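**Student:** sequence and computational prediction follow.
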Amino acid sequence: MHILPSSFSLKLSSFHFQPRRNPATRFPCTGHQTLRILCAKRTGKQRYPSEKKKLKSKHKEILKDLKDENKFEGTWRLYKLGVPIDKDPGKDFLDVSDGLLEEIAKVLEFPVASLLPREAFSVIRKSFDARKKLKEPKFVHTVDMDVKKLLNLEPRTWDFISQLEPKVGLVEHVHNGRVFGDLMSIIHVHKDSNEGVVANVNGIDIFSGDLYQRRGTRKPKIAVVGGGPSGLFATLVLAELGADVTLMERGQAVEKRGRDIGALVVRRILETESNFCFGEGGAGTWSDGKLVTRIGRNNGSVLAVMRTLVQFGAPQNILVDGKPHLGTDRLVPLLRNFRQHLQELGVSIKFGTRVDDIVIEDGHVLGVMVSDSADRLQGNSQKMEYDAVILAVGHSARDTYQMLLSHNVVLEPKDFAVGLRIEHPQELINSIQYSELASEVRSGRGRVPVADYKVANYFHEEDARDLSNSGVAKRSCYSFCMCPGGQVVLTSTNPSELCINGMSFSRRASRWANAALVVTVTAKDFEALNYYGPLSGVEFQKEFEQRAAMMGGGNFTVPVQTVTDFLERKLSVTSLPPSSYRLGVKAANLHQLFPVHITEALQQSIVAFDKELLGFISKEALLHGVETRTSSPIQIPRDAETYESTSLKGLYPVGEGAGYAGGIISAAVDGMYAGFAVAKNLSLFHGDIESVLGKAQNVGFVKY
């Protein structure tokens, strides 16, 4: 569902907010500002020139290809088929409805919609659009039309297909390419198919893991450090290709991890190695389980990951839902199934195992030093030798970053974002977004999805002189990780630091909605606090996590402030609105937490957001501090082809912790490609990775 018209633009030049009765305007604003609210892609005349040029080029490609293609073969993809809510069965119906047939008939200009055979059409995307500019809310579909099947079932459509012309983003003739199944099936099909087996110059099949067995030689031994999405998918690829893989996770399996998190929430006992950040499945396990991604929803690698998740227990609707998510309640059994499959492949999985150091000789990794993660003194480290080490540790493994630095592994500080988590009553967000349709939500069981939002505010400050080529200013404030029907949770990994996040279960049925409101920060911000070097971003995070802990008074109590007080820079003595955070909240001056420019950016953006989401500024809205771990504060440079660290042979940094992903899906994709790259480097695989997974699209640094 798109929330805001992408064309909305608010420009303010050389102004100062004056005190008024409205609390939203009671803060200073200095310097030239350019604010723009964005939620959806820019369309029509609002597209940037570069976007128009790209679209025009794509259109020419389609028209050129059409000359050499047969309209009556393959698949046509029909986009933006909007079915009014009164003609659609609802969000959980993923087949072809009568209302959808009517929209398809309009595109084909076919006179009788009921004569179109449903079997010829398949829904590949369905989302809900309730933007205010629409006359009525609609379910928007993307549909694939199998032309051959359509003609066989209804020959009278021949004339209408012959008149069908492509229109970019509306009607496109899809090439008959590879059909992507789950990752295991892809590998097995390529192993068994004569077309998928390609010989290299030595006559070795592209999948040659079995050669080690036939020749009686040792299989390559590979350590995968970290059991999040990137580590799991790298392990899966290598195990399927015949490697001897050991998966090491400092945290616990989901069953034990769940008990540790329960002890934290109920008895305030923080297990520093098994919590909301560390453990099987990574930080995403106890979250909303969002599966949205910016690396191309329909590309082969993303589809392979999504279908692999379905194979391990995710519901089929994640393949169609416009904003797919799982929820913790579905992630836990899914991860158990994933683990069982890896063990059946012979993977050795070691939970509660922390990698304390790496063993290096002549600039090459020879193995790792590990210990029981319960042993905080690392007194009984054990040496384990490996041919390669895949580092998939996640963005909170600060001790690992420090260890890498001690070996002169190159780390580069990376921009990320910090801010506060805002919480509203879910009924209020439903009402803002849906108006009278809000009654159809019914705690996640109704016809329409629980309402969410996504807003961004781009601007430049008086001293920010260099703008990017696109014209977007350097600084931005945006909503991040929105959890409708969710709760605020503690993601600290150290008792002296306070960090929070949001989570929700699959039905999103809680009475609260929360989202992070964060501002981008750069090396300039780190240096302003006298933090320099590769880990300056980490120190910056710690600074504000410690400040938040002090504001809360300790014992994991979270400092909070109403939105109206935050805008007015005051602390009311009145009672606070209820919070979903279970360890307790304390009223605090959050407007004094961050440097002035970050606070002002948050304040200005909240006011701007309220102009589009009327009611966003509310006495019931509560800000929680602090959200700092939006993405990794570092990036570990690696070779684009081999995925190997540029400063240490045999080390393969992957996923979000290495600075190459931003969420469950992109992390899984990065781990998957890395798995094939490592397999190729160790002669388990001799082909072209793209021949198996397709071309990698923007697998690399992901900006939130």
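**Tutor:** Received it, and whenever you're ready, just let me know what you need.

**Student:** what about the strands in the stretch 51-200 of the chain?
**Tutor:** Ranges of strands in the stretch 51-200 of the chain, per DSSP state E, counting those that start in this stretch, are 75-84, 121-129, 138-146, 171-174.

**Student:** hey, which of these is tucked in deepest?
**Tutor:** Neighbour counts (mean count of other C-beta atoms under 10 Å) averaged over each of these peak at strand 138-146, with a mean of 21. Where C-beta positions appear, they are placed from N, C-alpha and C, glycine not excepted.

**Student:** what about it, average pLDDT?
**Tutor:** Mean pLDDT, strand 138-146: 96.

**Student:** next: stretch 527-535.
**Tutor:** When pLDDT is averaged along stretch 527-535, the result is 97.

**Student:** and stretch 352-365, by the same measure?
**Tutor:** Mean predicted lDDT for stretch 352-365 stands at 97.

**Student:** may I see the buried residues of that stretch?
**Tutor:** 352-360, 365 (16 or more other C-beta atoms under 10 Å).

**Student:** who are the neighbours in contact with the closest residue to S348 other than its chain neighbours?
**Tutor:** Setting aside the residues directly before and after it, S348 is nearest to T246 in space (C-beta to C-beta, 6 or more residues apart in numbering), at 4.6 Å. By C-beta atoms under 8 Å, 6 or more residues apart in numbering, the contact set of T246 is 221-224, 347-350, 384, 386.

**Student:** any chance of those residues in TSV, plus neighbour count, secondary structure and distance to S691?
**Tutor:** As requested, the contacts of T246 are exported to TSV (neighbours: other C-beta atoms under 10 Å; DSSP: H, G, I helix; E, B strand; the rest coil; distance: C-beta to C-beta, whole Å):
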residue	neighbour count	secondary structure	distance to S691
K221	16	strand	26
I222	27	strand	22
A223	24	strand	27
V224	34	strand	24
V347	20	coil	25
S348	12	strand	30
I349	18	strand	30
K350	17	strand	33
M384	19	strand	34
Y386	21	coil	28
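
**Student:** make CSV out of the residues you listed and add distance to L622.
**Tutor:** Formatted as CSV, these follow (distance: C-beta to C-beta, whole Å):
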residue, distance to L622
K221, 51
I222, 47
A223, 44
V224, 40
V347, 44
S348, 46
I349, 40
K350, 41
M384, 48
Y386, 48
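
**Student:** name the nearest of the residues you listed relative to I617.
**Tutor:** V224 (46.5 Å; C-beta to C-beta).

**Student:** I'd say that closest one and E249 touch.
**Tutor:** No. Between V224 and E249 there is no contact under C-beta atoms under 8 Å: 9.1 Å.

**Student:** which residues do these two both contact?
**Tutor:** Contacts common to V224 and E249, judged by C-beta under 8 Å, 6+ apart, are G231.

**Student:** circling back to that earlier point, of the contacts of T246, which is the nearest to D329?
**Tutor:** Distances from D329 to these, taken by C-beta to C-beta, are shortest for I349, at 22.6 Å.

**Student:** pLDDT value on the spatially closest residue to the closest one that is not a sequence neighbour, please?
**Tutor:** The shortest distance from I349 to any non-neighbouring residue, by C-beta to C-beta, 6+ apart, is to L247 (4.8 Å). For L247, the pLDDT comes out at 98.

**Student:** what pairs with the helix or strand in which L247 is found, parallel or antiparallel?
**Tutor:** Assigned by DSSP states H and E, L247 belongs to strand 244-249. Sheet pairing for strand 244-249, assigned by DSSP bridges, gives strand 221-225 (parallel), strand 348-351 (parallel).

**Student:** now for the strands of the stretch 51-200 of the chain, which one comes closest to R376?
**Tutor:** Nearest of those (C-beta to C-beta): strand 121-129, 47.1 Å.

**Student:** can you show me the CA trace of the closest one as PDB?
**Tutor:** The C-alpha coordinates for strand 121-129 follow below in PDB (Å, rounded to 0.1, in the frame of the first residue of the first chain):
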ATOM      1  CA  PHE A 121      -4.000 -16.100 -15.200                       C
ATOM      2  CA  SER A 122      -2.000 -16.100 -12.000                       C
ATOM      3  CA  VAL A 123      -1.600 -13.400  -9.400                       C
ATOM      4  CA  ILE A 124       2.000 -12.700  -8.700                       C
ATOM      5  CA  ARG A 125       1.500  -9.500  -6.500                       C
ATOM      6  CA  LYS A 126      -1.300  -8.100  -4.500                       C
ATOM      7  CA  SER A 127      -1.200  -5.000  -2.400                       C
ATOM      8  CA  PHE A 128      -3.700  -2.600  -0.800                       C
ATOM      9  CA  ASP A 129      -3.800   1.100  -1.900                       C
END
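
**Student:** coming back round to it: reformat the strands of the stretch 51-200 of the chain as a markdown table; add distance to L264.
**Tutor:** Output for the strands of the stretch 51-200 of the chain, formatted as a markdown table (distance: least, C-beta to C-beta, whole Å):
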| stretch | distance to L264 |
| --- | --- |
| strand 75-84 | 45 |
| strand 121-129 | 35 |
| strand 138-146 | 40 |
| strand 171-174 | 48 |
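
**Student:** so which of those comes closest to A516?
**Tutor:** strand 121-129 (22.4 Å).

**Student:** what does that closest one rub up against?
**Tutor:** 1-2, 77, 82, 91, 94-96, 100-101, 104, 137-146, 150, 297-298, 319-323, 448-449.

**Student:** that one vs strand 75-84, what angle?
**Tutor:** 40 degrees (axes from the mean of the first three to the mean of the last three C-alpha atoms, to 10 degrees).

**Student:** ranges for the strands of the stretch 601-704 of the chain?
**Tutor:** 622-627, 634-635, 651-653.

**Student:** in TSV: these, plus mean neighbour count, mean pLDDT and distance to C499.
**Tutor:** Shown next, in TSV, are the strands of the stretch 601-704 of the chain (neighbours: other C-beta atoms under 10 Å; pLDDT from 0 to 100; distance: least, C-beta to C-beta, whole Å):
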stretch	mean neighbour count	mean pLDDT	distance to C499
strand 622-627	28	97	7
strand 634-635	22	97	17
strand 651-653	27	98	23
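
**Student:** could you dump the ones you listed to JSON lines with distance to E427?
**Tutor:** Listed next are those as JSON lines, based on distance: least, C-beta to C-beta, whole Å:
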{"stretch": "strand 622-627", "distance to E427": "15"}
{"stretch": "strand 634-635", "distance to E427": "41"}
{"stretch": "strand 651-653", "distance to E427": "44"}
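
**Student:** nearest to G169 among those would be which one?
**Tutor:** Taking these one by one with C-beta to C-beta, strand 634-635 is closest: 33.4 Å.

**Student:** which strands and helices sit next to the closest one?
**Tutor:** When contacts are defined as 3 or more C-beta pairs under 8 Å, 6 or more residues apart in numbering; DSSP states H and E, strand 634-635 sits against strand 412-413.

**Student:** tell me the contacts of the most far-flung residue of the chain relative to its centre?
**Tutor:** What lies farthest from the middle of the chain is R156; by C-alpha atoms, centre = their mean that is 44.6 Å. The contact partners of R156, by C-beta under 8 Å, 6+ apart, come to L115.

**Student:** how about A130?
**Tutor:** A130 neighbours (C-beta under 8 Å, 6+ apart): 1, 137, 433-434, 437, 448, 451.
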